[in-house]
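Engineer: how would this look folded up:
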Amino acid sequence: MNCDPQRMKTVQMHSIEETGSDAGITGSRDSGSRPCRPFQVWARMVSSMLLVCLAFAVAGLQAEEPDGQSLEDALDEIGPADNSGRNGLPSGSSTDLASIRAGNTNVRLMDVSLVGDFALGFSHLDNSEIQNLQSGLHDPRRKGFSVTSLELSFSGAVDPYFFAEAHVNLSHGAEVEEAFITSQALPYGLQLEAGQFYSEFGLLNPQHPHTWAWMDAPVILTRLMGNHGLNSQGLRLGWLLPVPWFSEMHFGVQNADGEMMKSFLGAAEEGGHSHSHGGDEEMPIGGYDTISREAKSPADMAYLVRWENSLDLTDTITTKFGFSGMAGPNATGPQGHTLMYGADLYVKWRPVQNHRGFPYVIWQSEYMRREYKVHKWPDIGRLANTYALLGGDFFEPYDERETFTRINLANLANDSFLSTDQGNFGLAIAVLTGARDFSALSENEAKQALEAMMRLANPEETLHDWGYYTQVLFGFVRTWSAGLRYEFASGAGESRVDGGDWVGGKDLFGRDRDPYRDTRVRISPLLQYQPSEFTRFRVQYNQEWADHTRQRKVLQIPLNELNSSLPAYPLEVVLQDKGRAAWSVWIGAEFLIGHHPAHKF
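Structural biologist: Below is the predicted model of the structure:
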């Protein structure tokens, strides 16, 4: 996304110059770094001939309007194209941005490319279980063959002051992933980006999946960023700091709503349901209901700050590290708020004497955390009815209001703070029903009972989710690479679902049964073969352990069977709890045709 010539010159000192060193297919480099391939030359000649014919047709139409402004005059106002990058064109995208003279008309070309990713999968799990583990929209998510991504890209210089990009993914219907313009001539090391784009949070979220080394997204990335990554409309301001090494600050503001802003106001629909692409139902964070919220003030937007640095430690070792933070409202209610922060590290070794970038070693890691403050919706009247029901004051006959009271009681029993501390809740019930005299409680019991009752009335709760991945990729011989990735994700604060209709018809009384918040460990070895910068083949094995896949035997006992003064909500006793490892194998193929804009390093 950084296309300023000064920035490109600085970044390229720390970027990957050869195909073999790059993790994925990221597009062609500067035209001076290698001769054009015959296929590219042929494609450009055909495109040029078509555009020349179009130009003659346009020129003929313009000739019939002598009083109008010609296309030539309009194009001349922005000056001639410059293939060297001196007019603000990024050096990696300038070769096709040439100017062709057709009669009295100048026609400027635009870079067009298509990147396709395909996968073949094997696993002992059903497809529905695989989709709970492979949460990314462009991950391989089913056994057999699948098209995981088909990205059509357009890029070109708008004028000497702006560069434009647009990326449309066709694998799940026509979907605009990014469409933005980037300034090229702001002073003081500033750069402005406007449009729809991926948030500059961490290393992987701003990148497109075809630039990743592994075939799927890390667990913590999809858990916090959603199945498509954080992506929305907005503005981003970059500032290249005046220091001896590459150091840049990013300040961003984006709409907090939309399907691709799950941790904020994203994909909130009536009843708290969220839907991913393809019609698959996706559980809201923690199972809490969500509401639709419109942006009425700056407080309803999502704000980002990122600081990234890159420097050469030695002649053979380059490192990059950064820190990210993002905050904004979430869809649980007016008091709902989300805070995310993280740190990332990228280290690359490559000897001075190398063959087109080989051998090399890349170590990459990210840690990120989310604080998701939930806004609950207590109803004083219904809560009073619930307390009355706890005290044994039943209403006859039951009407709709009292029926809700019974449901509300079950929801209270299944709420997060209740499932984590049944003893406190039992004391609270005993005090509320008069079975225990509060003044007769010990100091510790009184504190426990008060804490439980305060939590009952507190309309806020914070869910904590965190995790990391670390991976090493070793390019051991020309065109061949091998790697290993380790991941861990966990959290605190229990998940709950009122209706129990999210995961296979089963109620969720805890985080360990929530596939989007449970504790997960995954190990993924990878083998990659990349014969050229236009094709890549990969084999990846995933071995993982997830709490929600554990095999359990649970005995449910209504509390009123233990004590007749207690309500009849179920108490769970775990009789058996065995871990269940899940495995899958993914084989992927990737191609690139056309001239793809170089993505950010």
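Engineer: so what's V147 up against?
Structural biologist: For V147, the contact set (Cβ atoms under 8 Å, 6 or more residues apart in numbering) comprises G116, D117, F118, S171. Every C-beta, even on glycine, is put in place using the N, C-alpha and C of the backbone.
Engineer: turn the residues you listed into TSV, including neighbour count and distance to K296.
Structural biologist: Formatted as TSV, those follow (neighbours: other Cβ atoms under 10 Å; distance: Cβ to Cβ, whole Å):
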residue	neighbour count	distance to K296
G116	19	42
D117	24	40
F118	17	44
S171	19	35
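Engineer: which of those sit farthest apart?
Structural biologist: Spatial extent of these (Cβ to Cβ) is set by the pair F118 and S171 at 9.6 Å.
Engineer: give me the common contacts of these two.
Structural biologist: V147, T148.
Engineer: could you check how many residues crowd around G226?
Structural biologist: 27 (other Cβ atoms under 10 Å).
Engineer: tell me the contacts of it?
Structural biologist: Going by Cβ under 8 Å, 6+ apart, G226 touches E259, M260, M261, K262, S263, G266.
Engineer: and if we set it to 7 Å?
Structural biologist: M260, K262, G266 (Cβ atoms under 7 Å, 6 or more residues apart in numbering).
Engineer: how about the first one, secondary structure?
Structural biologist: Following DSSP: H, G, I helix; E, B strand; the rest coil, we place M260 in the coil state.
Engineer: so which elements touch the one helix or strand E248 maps to?
Structural biologist: Using DSSP states H and E, E248 maps to strand 246-255. The contact analysis (3 or more Cβ pairs under 7 Å, 6 or more residues apart in numbering; DSSP states H and E) places strand 246-255 against strand 231-240, strand 301-312.
Engineer: out of the contacts of G226, which end up buried?
Structural biologist: The neighbour-count test (16 or more other Cβ atoms under 10 Å) marks M260, K262, G266 as buried among the contacts of G226.
Engineer: isn't the first one right next to S232, touching?
Structural biologist: This means M260. Yes. If you go by Cβ atoms under 7 Å, M260 and S232 touch, sitting 6.2 Å apart.
Engineer: would you mark the buried spots in stretch 205-221?
Structural biologist: For stretch 205-221, by 16+ other Cβ under 10 Å, it's 205-221.
Engineer: closest one to S490 out of the contacts of V147, please.
Structural biologist: Of all the contacts of V147, D117 has the smallest distance to S490: 29.7 Å, by Cβ to Cβ.
Engineer: tally up the residues packed near the residue nearest to the closest one when sequence neighbours are not counted, please.
Structural biologist: Among residues not flanking D117 along the chain, S149 sits closest, at 4.2 Å (Cβ to Cβ, 6 or more residues apart in numbering). Using other Cβ under 10 Å, S149 has 21 neighbouring residues.
Engineer: give the phi and psi angles for S149, as a check.
Structural biologist: Per-residue torsions, S149: phi -160, psi 140 (degrees, to the nearest 10).
Engineer: I'd like the average pLDDT over the strand ranked longest in the chain.
Structural biologist: Ranked by residue count and defined by DSSP state E, the top strand of the chain is strand 460-477. Across strand 460-477, pLDDT averages out at 93.
Engineer: and if you look at stretch 549-565?
Structural biologist: For stretch 549-565, mean pLDDT rounds to 68.
Engineer: repeat for stretch 528-542
Structural biologist: The average of the pLDDT scores along stretch 528-542 is 96.
Engineer: stretch 438-445 now?
Structural biologist: Averaging pLDDT along stretch 438-445 gives 76.
Engineer: list the buried residues of it.
Structural biologist: Buried residues in stretch 438-445 (16+ other Cβ under 10 Å): L441, E445.
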